[in-house]
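> just need the structure, nothing else, for what follows:
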Amino acid sequence: MSARFALGVNTWQGYERLGKLPKGETLARLLELDISVDWLLTGHGNMHLTGNRPGLDTQLLSQIIDGVLALYAHDGLRSMPAERGQLISRIYDRLIAIPDDRERRGALRYALEQAREDLFRAGTNGPP
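Numbering: from 1, shown residues only. Predicted coordinates:
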């Protein structure tokens, strides 16, 4: 698979064995191969898109994934891949209903800022 996506073997093994999330561009290419990103990120549902949500907006999904990955990387936060996948899915579900691209970009910035605040609060209210 790493050769198919022009990725290093270690990069692909990081996805498979370490639970690291691929960048949005890689996920968009997986979508083109009929691989469900919901399944990939959460392990639930069908592996293939057939029968899943119709009309998945791969560009929007890529932007959300890149934003969530940047959020965790910038703030030095650690999480399980399933947590990141659920956050990505929740943001996508909210944003897909917004038809205007400009409004969508603003809503994405807001959603990521809200997620940052929620994660910070969870970190400060957690056990020492």
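> and the pLDDT for the residue nearest to the spatial centre of the chain?
Centroid-nearest residue in the chain, with Cα atoms, centre = their mean: Ile65, separated by 3.5 Å. Listed pLDDT for Ile65 reads 93.
> ok, it touching Lys23?
Yes. In this structure, Ile65 is within contact of Lys23 by Cβ atoms under 8 Å, at 7.1 Å. Using the backbone N, CA and C atoms, a C-beta is placed for each residue, glycine as well.
> what sits against the residue nearest to Gly85 when sequence neighbours are not counted?
Take Gly85 and drop its neighbours on the chain: the residue closest to it by Cβ to Cβ, 6 or more residues apart in numbering is Leu41, 2.8 Å away. Contact partners of Leu41, counting by Cβ atoms under 8 Å, 6 or more residues apart in numbering, are Leu21, Pro81, Ala82, Arg84, Gly85, Gln86, Ile88, Ser89.
> OK, contacts around Leu71?
Leu77, Leu112, Ala115, Arg116, Leu119.
> now the one helix or strand it maps to: buried residues?
Assigned by DSSP states H and E, Leu71 belongs to helix 58-75. Neighbour-count burial for helix 58-75 flags Thr58, Leu60, Leu61, Ser62, Gln63, Ile64, Ile65, Gly67, Val68, Leu69, Leu71, Tyr72 (criterion: 16 or more other Cβ atoms under 10 Å).
> check which helices and strands the longest helix belonging to the chain sits against.
Across the chain, the helix with the greatest residue count (assigned by DSSP state H) is helix 101-125. Under the contact definition 3 or more Cβ pairs under 8 Å, 6 or more residues apart in numbering; DSSP states H and E, helix 101-125 sits against helix 58-75, helix 81-95.
> now it: how far from the chain's centre is it?
Chain-centre distance of helix 101-125: 14 Å, with Cα atoms, centre = their mean, to the nearest Å.
> that one: which residues count as buried?
Neighbour-count burial for helix 101-125 flags Arg104, Ala107, Leu108, Ala111, Leu112, Ala115, Leu119 (criterion: 16+ other Cβ under 10 Å).
> now stretch 91-101
Ile91, Tyr92, Leu95, Ile96.
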